[in-house]
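Student: Next comes the sequence, and after it the predicted model I'd like to discuss.
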Amino acid sequence: MALPLEFLISPWIALIGPTFAVLYYLVPYFWTLNHLRDIPGPLAGQLSNFWLLLACRAGKRYKYVDEAHKRYGPIVRIQPNHISIADEEVIQTIYGHGSGLLKSSYYDASLITTRSIFTSRDRAEHSRKRKVVSHSFAPQAMRNFEPFIHSWLKVFLQKWDDIAEKEAQSDGYANVEGRVWLNYLVLDIIGDLAFGAPFGVLEAASEDITIRLSKEKTISLPVITSLTTRSEIAATVGALPELRPYLKWIPDPFFHAGVTGMNNLRSLGTARILDRLNNPPSADRHKDLLERVREGRDDRGEPFGVGELTAESLTVLIAGTDTTSSTFAALMYHVVRTPGVLKKLQAELDSALPADTVIPSFDQVKTLPYLGAIINESLRHHSSISLGLPREIPRGTPGLTIRGRYYPPGTVLSVPIYTLHHLKEKKAFIPFSYGPRACLGRNLAEMELRLITATWARRYDFVLRKDEMEVCEGLARKPIAVNVGLKRREIAV
C-alpha cells in the first residue's frame, strides 16, 4: 500500500529522513563494527562507504588513501569494514598461498558476462578456471606469441616513420600523443591473441571498431573509451556494489557512460567469440591465446563453454590493455622527461643489438639490465594497479591476527600498492599482485614491455611537449596524455 501524499510532504519526513540516515551509519559504527573503532582513519570513511566511493569517482583513490596513510599511519580504516595496511610484512598473510582470504564484494562491480578468473570469489571456482587457463600463459606459450607482437610492431613503426617524415615541426620533431598510439598497438596485439583477430585500430589510427551483432545488424563502438569508462565505473561501484542495480537512475553522466562501456564490451566480446568459433583459423596460423584456452580442461576433463570463453577473453583484453598501455605511456613520459635516461638506454641497445636489427627478439633483450631497471622503476613509480586489492576474512572462520591485532570474520583487508611502492624504505615490489590470485599475464606483459620499449627507444629520439602528465584512476591508474615530439635517429636502420 502506497504512503499517502500528505505524509510524504509532511514535516515528519524532514525529521525521520535525517534521523534514519544518522542511525544507519552510527549503529554499525558504535555497535556492529565496534571492534574496529580504535583504528584511525577519515571520519567519513569510518562511518560510510561514500568517502571511498567519492575518491574513486574523482579518479584519485590512490591519492586519497596515500594521504590518509601519511596522516594516520600504516593501518587506516578507509571504509566501515575495510582496513588498509601499508606494510610489506603483511603481503604474504593477506595475499599469499594458504592465507585463506577471499576476494571481497568489490569484484562484483567488474562483472560483464559470467564470472571470470578475475571476478570469481569462490575458491573452488577460481581454482577450476585457473587450471583451464594457466597453461596458456606459461613461459613456453609466450614464445609462440612473440610473432604476433613482432607483426604489429612493424605496423606501428610504419605509422611513426610516416609521421616523423611528413609532420616534422621547425625543430625537426613531429608531434605525437604517445599514450593513444601505444594503446592502439597493445589493443591490436591483445585482440589478435584473445579473439583471434586484431581490432584494426592501429592501421586506422582510430578507436572506432565495427562489430557484427547479427546478419542484418552491425554497430560501431569506441573501444578505448569503452574500456576506460568501464574501468572507472567498476572501481567506483566496487566501493559500494549495492549501487549496481540502480546505476541507470543516478543523475550523473559518469555512471551512464560506464554502463554504456560495459554494454559495449559485452557486445564486443560475444560477437568476436562467436565469429571465431564459426570461422576457425587456418592451420598455418600461430596458435593464439584463445586457441590455447579452448584446449584447456578442468579436473573433470571439461572445456570452457562459450560464456566462459567470452568472459576470459574480455578479462585478457581489459587487463592486457588497461594496465600494460598505462605502464607504456608512463614509461615513455619518464624516460623522455628524465635527462640522460634515453641516451643511456639507446647506448645499451646499440651495444647489444646488431646494426640491422629493427625489431629485436625477446632473447636479445630479456636480460639487458638497464632496460629491465627502467621497466621495473616505471612499474613501481607509476603503479598502474595502485589500489589495495581487497580480501575478506571468510565468515565462519576464527578470524585473523596480524601483528598482534585481531580481525574478526567478515573484515576486509588490503595493502595499498601505490603507497607501498612509494614508502621511503622501498622493501616491496608487487606490480602484478601476489599469491594464487596474482596476474596470470605477467609473462606476456614483461615480454611486451621489453620488446616494445626496446624497439621505439632505439629507433627514435624524443622531446617532451608537455611537462606534466595528468593521470586518472579507475581499476588502473592511467595517464590521460603523453605529448612528445619524435624523429628518426640518424643511426637507426
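Tutor: Yep, it's here.
Student: quick check: mean pLDDT across the longest helix along the chain?
Tutor: Ranked by residue count under DSSP state H, the longest helix found in the chain is helix 306-337. The average pLDDT within helix 306-337 is 90.
Student: Next, the buried residues of it.
Tutor: The neighbour-count check on helix 306-337 (16 or more other C-beta atoms under 10 Å) flags 308-337 as buried. Glycine gets a C-beta too; all of them are placed from N, C-alpha and C.
Student: send the alpha carbons of the following helix or strand past that helix over as PDB?
Tutor: Counting by DSSP states H and E, the next helix or strand C-terminal to helix 306-337 is helix 341-352. Output in PDB follows, covering the C-alpha atoms of helix 341-352 (Å, rounded to 0.1, in the frame of the first residue of the first chain):
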ATOM      1  CA  VAL A 341      67.900   8.100 -19.400                       C
ATOM      2  CA  LEU A 342      67.000   7.700 -23.100                       C
ATOM      3  CA  LYS A 343      70.600   8.200 -24.200                       C
ATOM      4  CA  LYS A 344      71.900   5.600 -21.800                       C
ATOM      5  CA  LEU A 345      69.100   3.100 -22.900                       C
ATOM      6  CA  GLN A 346      70.000   3.700 -26.500                       C
ATOM      7  CA  ALA A 347      73.700   3.000 -25.800                       C
ATOM      8  CA  GLU A 348      72.800  -0.300 -24.100                       C
ATOM      9  CA  LEU A 349      70.600  -1.300 -27.100                       C
ATOM     10  CA  ASP A 350      73.100  -0.300 -29.700                       C
ATOM     11  CA  SER A 351      75.800  -2.300 -27.900                       C
ATOM     12  CA  ALA A 352      73.600  -5.400 -27.600                       C
END
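Student: Show me which positions of helix 341-352 end up buried.
Tutor: Neighbour-count burial for helix 341-352, with 16+ other C-beta under 10 Å as criterion, is recorded at Val341, Leu342, Leu345, Gln346, Glu348, Leu349, Ala352.
Student: which residues are contacting the host helix or strand of Leu54?
Tutor: Leu54 is part of helix 50-57, with elements assigned from DSSP H and E. Residues outside helix 50-57 that contact it (C-beta atoms under 8 Å, 6 or more residues apart in numbering): 42, 44-45, 61, 63-65, 78-79, 82, 232, 235-240, 254, 473-474.
Student: Could you do stretch 388-398 as well?
Tutor: 65, 82, 84, 94-95, 99-106, 399-400, 407-417, 433, 437.
Student: just the buried members of those residues?
Tutor: 65, 82, 84, 94-95, 99, 101-104, 106, 400, 407, 410-417, 433, 437.
Student: Just the ones of those in strands?
Tutor: His82, Ser84, Leu102, Lys103, Leu400, Tyr407, Val412, Leu413, Ser414 (DSSP state E).
Student: Can you tell me the closest non-neighbouring residue to the third one?
Tutor: Spelled out, it's Leu102. Nearest residue to Leu102, sequence neighbours excluded (C-beta to C-beta, 6 or more residues apart in numbering): Glu392, at 5.1 Å.
Student: what number of residues lie near the one you found?
Tutor: Each residue near Glu392 was counted by other C-beta atoms under 10 Å, and the total is 20.
Student: which residues touch Pro74?
Tutor: Ile85, Ala86, Asp87.
Student: which among those residues gets closest to His421?
Tutor: Ala86 (10.2 Å; C-beta to C-beta).
Student: For the closest one, grab phi and psi.
Tutor: In terms of degrees, to the nearest 10, the main-chain angles of Ala86 are phi -90, psi 80.
Student: Can you read off the pLDDT for it?
Tutor: Predicted confidence (pLDDT) for Ala86: 96.
Student: repeat for Trp12
Tutor: pLDDT recorded at Trp12 is 43.
Student: And for Gly17?
Tutor: 44.
Student: now do Ala428
Tutor: At Ala428, pLDDT is 86.
Student: Bridge partners for Val76, pull those for me.
Tutor: For Val76, the beta-bridge assignment (DSSP bridges) gives partners Ser84.
Student: my read: it touches Asp66, true?
Tutor: No - using C-beta atoms under 8 Å, Val76 makes no contact with Asp66, being 10.0 Å away.
Student: Okay, angle between the longest helix of the chain and helix 341-352 too, please.
Tutor: When axes from the mean of the first three to the mean of the last three C-alpha atoms, to 10 degrees is applied, the directions of helix 306-337 and helix 341-352 differ by 110 degrees.
Student: ends of stretch 42-58, how far apart?
Tutor: Using C-alpha to C-alpha, to the nearest Å, one end of stretch 42-58 lies 17 Å from the other.
Student: nope, stretch 358-368 is what I meant
Tutor: 17 Å.
Student: Off-centre distance for that stretch?
Tutor: Mean C-alpha position of stretch 358-368 versus that of the full chain (C-alpha atoms, centre = their mean, to the nearest Å) differs by 26 Å.
Student: got the buried residues for it?
Tutor: In stretch 358-368, counting by 16+ other C-beta under 10 Å, buried: Ile359, Pro360, Phe362, Gln364, Val365, Leu368.
Student: Quick one: low-confidence residue ranges for this protein.
Tutor: Filtered on pLDDT under 70, the chain yields the residue ranges 1-33, 283-287, 491-493.
Student: how about the strands of it, start to end?
Tutor: Ranges of strands in the chain, per DSSP E, are 75-79, 82-85, 102-103, 174-177, 208-212, 218-222, 391-392, 400-402, 405-407, 412-414, 460-464, 471-473, 477-479, 483-488.
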